[in-house]
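Engineer: Here's a sequence, model it:
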Amino acid sequence: MSIYISFDDIDSPRGGCTTHFTTHIFYEIARKLAPKTNDYTLPRLIRLNPDIPWKTRGNAATCIEAPLTFDEGLELVEELVLDRLSSYIEGEESVVGHTQPCIIVIDKEEAESNKSRLLKFYLKAVKRVVSIQEAEEILKHVKKIRTYTLNGKRGLVGALAAIGGATYQGYKPTYELLAYTDPAYKKLADEDKLYRTLENLERDDTFGHVDRRSGRVLVLPRGKDPVLVGLRGINPVELIRILDNIRKFLPPIHMWMIFKTNQATNMHFYNVEEPNIPRRYEQFSSPAVTRFRKETLEGGHLIISTKLYIGSYEYDSDLAIYSEAGDTTKKVSASLDNTSVYITGNIRPLMDRETINHEAIYIYEDPTVSTRQNPLCPRCMRRMESAGESKGYRCRICGYRLMIDVAPHIHRVVKWIPDRTIQPPSHQRHLTKPLKLFGSQKTLEELEKTAIELVISRNLDLQKNSI
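Structural biologist: Numbers count the residues shown, from 1 in each chain. Now for the predicted structure:
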């Protein structure tokens, strides 16, 4: 006996945060029901297509599983949650790009019986542009479900996708601990001490906390929302330990929550049933061969001509690698033509042409390059030097002369290390899988029960501010 309650589009350019509102509601439900902690699971944080033009910040939707019947869930939402929501977004109607929140209640068994339909919708929403009409078509086939929208229906897509994401078991999840404060206090964090501490606490089961290349702390969001710090990893209990260690460098924390997420999973590049053709504002992945044309734009951005292989079709397309990619730009710029690669990125217009914005490049094979080098001396096997224009080559060691005018081609193998080149941590998207998680990623879902016990026991007393 349980239900899913999902949320989307509760943040706006002016502030607010879907996860913040979800956390409040989670604790209000827990306090109201006085639950045993084994009746609860960690709430879900579902990242969707990061290139939707009308998204706010990270394009996240959330989902709570609560130990209630469907009718009890409806009563709870209509008597408690909708009133909290109205207060939370009060005044947003006058803001450009204002929030259009949606809350969905669905019986868990009903979600499981419609799992195939909901899962397909979720996978599409992570990768492509999905219309409100597509979401409404799904609702026609589901019985024990109720939707609540305010100011419009834009949040319907994310809230429905979050339910599909909650039923999906096809990837190893990651976790994010989000701690909240008054937005006015966010600047009080001691970033220098945070950097040193987080760098020392970094382990194989955490990621995305600092960028050693730039010396930046990555856990402090800069927006007007109440998120103070976000800690990420594959071990939810370890995130609590890190919070305890850095708390003295942070302003007062009102409450915190651990979300089970699809972040750092590359979910936005999983195949969907539709053909993977390049379309604007959608995620894209394809085998390709780099071509001969390269162009460096002002600011150090690199444009490479590629031929894409999609099924039985071939497409010519440009690949844009921006200077913020750091060493990736240098590696690709120094690479070779006709190299077999696998490209992942998103489609955006650039210079009146649909262009793939680089997110990661995977090398299929070691390319070779043909260069000209001065010949070796046949006597002492040292590299010879030019004797002057049209005068051949001479060996400075033994004096041997070789009367040829053109240096021979020498083929050498160029190897890229690592064979995956992705954006540096400071520019990685929420869904991008860091290099350290490739390969033997552990599964630490057995720690979720311990984590939810700590979440509830340490926050019900802490969380006293109402929304």
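Engineer: how about the nearest residue to N266, chain neighbours excluded?
Structural biologist: Spatially, and ignoring its direct neighbours in sequence, N266 is nearest to K433 (4.3 Å; CB to CB, 6 or more residues apart in numbering). Any C-beta I mention is one placed from the backbone N, CA and C, and that applies to glycine too.
Engineer: Ignore what I typed, I meant K449.
Structural biologist: N38 (7.0 Å).
Engineer: and that neighbour, how many neighbours?
Structural biologist: 10 (other CB atoms under 10 Å).
Engineer: ditto for G392
Structural biologist: G392 has 14 neighbours, counted by other CB under 10 Å.
Engineer: Which of the three states applies to V237?
Structural biologist: helix (DSSP: H, G, I helix; E, B strand; the rest coil).
Engineer: which ones are touching it?
Structural biologist: Contacts for V237 (CB atoms under 8 Å, 6 or more residues apart in numbering) come out as 447, 450-451, 454.
Engineer: and the next element down the chain from the one helix or strand E75 maps to?
Structural biologist: Using DSSP states H and E, E75 falls within helix 70-76. As assigned by DSSP H and E, the chain's next helix or strand after helix 70-76 is helix 82-88.
Engineer: Show me the contact partners of that following helix.
Structural biologist: Outside helix 82-88, the residues within contact range by CB under 8 Å, 6+ apart are 10, 16, 21, 24-25, 28, 101, 103, 148, 150, 467.
Engineer: Show the buried residues in those residues.
Structural biologist: Buried subset of the contacts of helix 82-88 (neighbour count, 16 or more other CB atoms under 10 Å): 10, 16, 21, 24-25, 28, 101, 103, 148, 150.
Engineer: Just the ones in helices from those residues, please.
Structural biologist: 21, 24-25, 28 (DSSP state H).
Engineer: Quick check: the farthest pair among those?
Structural biologist: Checking these against each other with CB to CB, the farthest-apart pair comes out as F21 and E28, at 10.6 Å.
Engineer: so who does the closest residue to M1 other than its chain neighbours touch?
Structural biologist: In space, and not counting its chain neighbours, M1 is closest to T69: 5.8 Å by CB to CB, 6+ apart. Shown in contact with T69 (CB under 8 Å, 6+ apart): 1, 3, 107.
Engineer: Tell me the secondary structure of the residue nearest to K449, please.
Structural biologist: Quick answer, by three-state DSSP: N38 is helix.
Engineer: try the one 3 residues further on
Structural biologist: Here T41 is recorded as coil under three-state DSSP.
Engineer: That one: neighbouring residues, count only.
Structural biologist: For T41, the count of nearby residues is 18 (other CB under 10 Å).
Engineer: chain center to stretch 250-259: distance?
Structural biologist: Centre-to-centre, stretch 250-259 and its host chain are 22 Å apart (CA atoms, centre = their mean, to the nearest Å).
Engineer: buried set for it?
Structural biologist: For stretch 250-259, by 16+ other CB under 10 Å, it's 250-251, 253-259.
Engineer: on that earlier part again, in the ones in helices among the buried ones among the contacts of helix 82-88, which has the lowest confidence score?
Structural biologist: Checking pLDDT across these, the minimum falls on E28 at 92.
Engineer: and it, what does it touch?
Structural biologist: Counting by CB under 8 Å, 6+ apart, E28 touches 80, 84.
Engineer: bridging residues for the spatially closest residue to L68 that is not a sequence neighbour?
Structural biologist: Closest residue to L68 apart from its sequence neighbours, by CB to CB, 6+ apart: I3 at 5.3 Å. Bridge pairing for I3 (DSSP bridges) gives the partners A66, D107.
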